[in-house]
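**Student:** need a structure here:
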Amino acid sequence: MSKIQCPKCGEIISLDDKEKSIEIARAVANEKEKAKLEKELALQKQQAGFLVERAKMSADLVSSKKEIALSVERAIADEKEKNIRLESALKNKEIEASAKLLKFESERGVLLKYKDDEIERLKNMQATLSTKMIGETLERYCELKFEEHRALAFTRASFSKDNDVSAGTKGDYIFRDYDENGNEILSIMFEMKNEEDKTITKKTNNDFLEKLDKDRKAKKCDYAILVSLLEKENKLYNGGIVDVSHKFPKMYVIRPQFFIPIIGLIRNAEIEASKVKSQLILLQNKNIDVTNFESDLEVWKNSIGETSRRAKDRFQAAITQIDNSIKNLEKTKEELLKSEKHFIAASNKADELTIKKLTKNKPAMIEMFAGLQKEKNNLEKT
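**Tutor:** Below is the predicted model:
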């Protein structure tokens with residue numbers, strides 16, 4: 001028989017429970033140990049993966065820093081090279097300007113002699129002309145000088161009388177010059193003034209400056225020039241071109257012999273100023289490009305820094321998770337060790353379980369087991 005019933009409490013007791021309990025305890029212990037090893041192996045693999053990922057991220061960060069440094073060095077080298085070229089170009093311009101100045105100084109002597117001869121000629125001419133004729137002759141003189149130089153110096157320019165009185169006033173002549181595209185690059189309002197030696201009321205150049213300025217503004221001209229033979233003995237006006245822009249902007253007073261030279265000087269100055277302005281705009285655009293590059297570079301650096309920070313946070317979170325997993329595994333290990341102690345105690349109790357102990361102080365059980373033993377012996381005899 002593999003089962004017996006307690007005559008007192010009626011409980012069915014299996015005689016095979018001891019062996020099965022031991023086998024179950026051992027199987028459970030083996031499964032627990034196997035699961036523990038598998039978890040430890042998975043944890044080690046996870047840790048190794050995190051270490052590899054961290055090494056890769058560190059390598060990528062170093063590579064990104066190197067690329068940024070190289071980009072910055074290249075950009076700086078390019079800008080230095082551009083600045084060197086620009087400085088060289090400006091130096092050449094300075095040399096050209098110096099050469100032009102020397103040429104101007106050399107020609108100045110010729111102009112001064114021409115001026116003196118022209119003044120003398122005009123003085124002689126004034127003695128024989130009336131006031132009206134003198135004024136008309138001065139205008140005609142300027143017209144002829146312009147026509148003489150048109151073919152060589154003013155191929156796209158015009159010099160004509162100002163006949164527009166819509167603003168309530170008008171000047172004598174307006175000079176306008178244009179570029180190859182037909183765009184106006186320069187405009188000058190001219191006023192011609194002279195008087196006969198016998199005129200009772202003597203006028204001065206200052207008497208006509210305010211009206212000339214109004215005429216310039218009304219006709220939207222860039223400059224205003226008074227061509228004058230007034231104040232014949234005034235050394236200031238006889239000395240050359242007189243700048244009166246401290247009284248009225250962009251205004252000059254000249255003697256007739258400086259009619260063509262001052263147009264050329266103003267025209268050349270406007271052309272050079274236009275070139276310099278274009279170069280400054282180009283340089284300004286380059287500086288804007290450098291500023292944009294530095295701004296983009298800063299954004300790039302900030303983006304990399306933010307990415308690195310996020311990666312660091314994720315890595316730290318993973319490390320924290322690993323630490324928590326290790327703590328949980330340690331806790332599980334402690335629980336398994338406690339379970340193992342319980343299994344060992346159960347096994348020891350099962351080893352101590354005998355029929356003698358079960359029937360101790362139980363006469364009915366003793367009698368029943370004695371009967372069973374007797375039946376067994378009888379069966380063996382037969």
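**Student:** For Met192, give me its contacts.
**Tutor:** Gly135, Leu138, Glu139, Cys142, Asp172, Tyr173, Val227, Ser228 (CB atoms under 8 Å, 6 or more residues apart in numbering). (Each C-beta comes from the backbone N, C-alpha and C, glycine too.)
**Student:** Among those, which pair sits farthest apart?
**Tutor:** Spatial extent of those (CB to CB) is set by the pair Tyr173 and Ser228 at 13.8 Å.
**Student:** Settle it for me: which of the two has more neighbours?
**Tutor:** Taking neighbours as other CB atoms under 10 Å, Tyr173 and Ser228 compare with Ser228 leading, 24 against 20.
**Student:** okay, the residue lying closest to that one once chain neighbours are set aside: pLDDT?
**Tutor:** Spatial nearest neighbour of Ser228, chain neighbours left out: Lys193 (4.7 Å); criterion: CB to CB, 6 or more residues apart in numbering. What the model reports as pLDDT for Lys193 is 90.
**Student:** One more: Glu79?
**Tutor:** Value listed for Glu79 in the pLDDT field: 81.
**Student:** Could you do Met125 as well?
**Tutor:** For Met125, the model assigns a pLDDT of 55.
**Student:** residues near Leu186, how many?
**Tutor:** 20.
**Student:** Next SSE downstream of whichever strand or helix holds it?
**Tutor:** Assigning secondary structure by DSSP states H and E places Leu186 in strand 184-193. Moving toward the C-terminus from strand 184-193, the next helix or strand (DSSP H and E) is helix 206-218.
**Student:** buried sites along that next one?
**Tutor:** Residues Phe208, Leu209, Leu212, Asp213, Lys214, Asp215, Arg216, Ala218 are the ones in helix 206-218 that count as buried (16 or more other CB atoms under 10 Å).
**Student:** Also stretch 170-180?
**Tutor:** Buried, per 16+ other CB under 10 Å, within stretch 170-180: Lys170, Gly171, Asp172, Tyr173, Ile174, Phe175, Arg176, Asp177.
**Student:** Just put those residues in TSV and tack on distance to Asn377.
**Tutor:** Output for the buried residues of stretch 170-180, formatted as TSV (distance: CB to CB, whole Å):
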residue	distance to Asn377
Lys170	158
Gly171	157
Asp172	161
Tyr173	158
Ile174	153
Phe175	153
Arg176	149
Asp177	147
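**Student:** Show me where the stretch 51-200 of the chain has its helices.
**Tutor:** Remark: helices assigned in the stretch 51-200 of the chain by DSSP state H, counting those that start in this stretch are 131-153.
**Student:** Low-confidence regions, it specifically.
**Tutor:** For the stretch 51-200 of the chain, the stretches with pLDDT under 70 are 104, 111, 114-115, 118-136, 196-200.
**Student:** what about 90?
**Tutor:** 51-140, 150-154, 162-171, 179-185, 194-200 (pLDDT under 90).
**Student:** which residues in it form strands?
**Tutor:** 158-161, 173-178, 184-193 (DSSP state E, counting those that start in this stretch).
**Student:** Could you dump the ones you listed into a markdown table with distance to Lys103 added?
**Tutor:** Output for the strands of the stretch 51-200 of the chain, formatted as a markdown table (distance: least, CB to CB, whole Å):
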| stretch | distance to Lys103 |
| --- | --- |
| strand 158-161 | 25 |
| strand 173-178 | 22 |
| strand 184-193 | 21 |
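**Student:** out of those strands, which comes closest to Ala59?
**Tutor:** Across these (criterion: CB to CB), the nearest stretch is strand 184-193, sitting at 61.2 Å.
**Student:** quick one on the thing from earlier: which one among the buried residues of stretch 170-180 gets closest to Lys202?
**Tutor:** Asp172 (20.3 Å).
**Student:** Pop out the phi and psi values for that closest one.
**Tutor:** Torsion angles at Asp172 (phi, psi; degrees, to the nearest 10) stand at phi -90, psi -50.
**Student:** now swap in Glu231 and tell me
**Tutor:** phi 50, psi 60.
**Student:** Wait, it touches Tyr237, no?
**Tutor:** Yes. With contact defined as CB atoms under 8 Å, Glu231 counts as touching Tyr237 (5.7 Å).
**Student:** more neighbours, the two?
**Tutor:** A direct count of neighbours by other CB under 10 Å for Glu231 and Tyr237 places Tyr237 higher, at 20 against 17.
**Student:** In which helix or strand does that one reside?
**Tutor:** helix 235-238.
**Student:** Residues contacting that helix, please?
**Tutor:** Ile119, Asn205, Ser228, Leu230, Glu231, Lys232, Val242, Val253, Arg255.
**Student:** Now the closest residue to Leu86 other than its chain neighbours: phi and psi?
**Tutor:** Computed as CB to CB, 6+ apart, the closest residue to Leu86 that is not its neighbour in sequence is Leu283, at 6.7 Å. Main-chain dihedrals, Leu283, degrees, to the nearest 10: phi -60, psi -40.
**Student:** Determine the number of other residues adjacent to Leu283.
**Tutor:** Leu283 has 14 nearby residues by other CB under 10 Å.
**Student:** Is it correct that Glu210 is in contact with Val244?
**Tutor:** No. If you go by CB under 8 Å, Glu210 and Val244 don't touch, sitting 11.1 Å apart.
**Student:** what sits in contact with each of these two?
**Tutor:** In contact with both Glu210 and Val244: no residue, using CB under 8 Å, 6+ apart.
**Student:** so how far is Leu144 from the residue nearest to Ser228?
**Tutor:** 18 Å (CB to CB, to the nearest Å).
**Student:** Between these two, tell me which one has more neighbours.
**Tutor:** Lys193 (19 against 10).
**Student:** give the contact list for the more buried one.
**Tutor:** Gly135, Leu138, Lys203, Asn205, Phe208, Leu226, Val227, Ser228, Leu229, Leu230.
**Student:** Much appreciated, bye for now.
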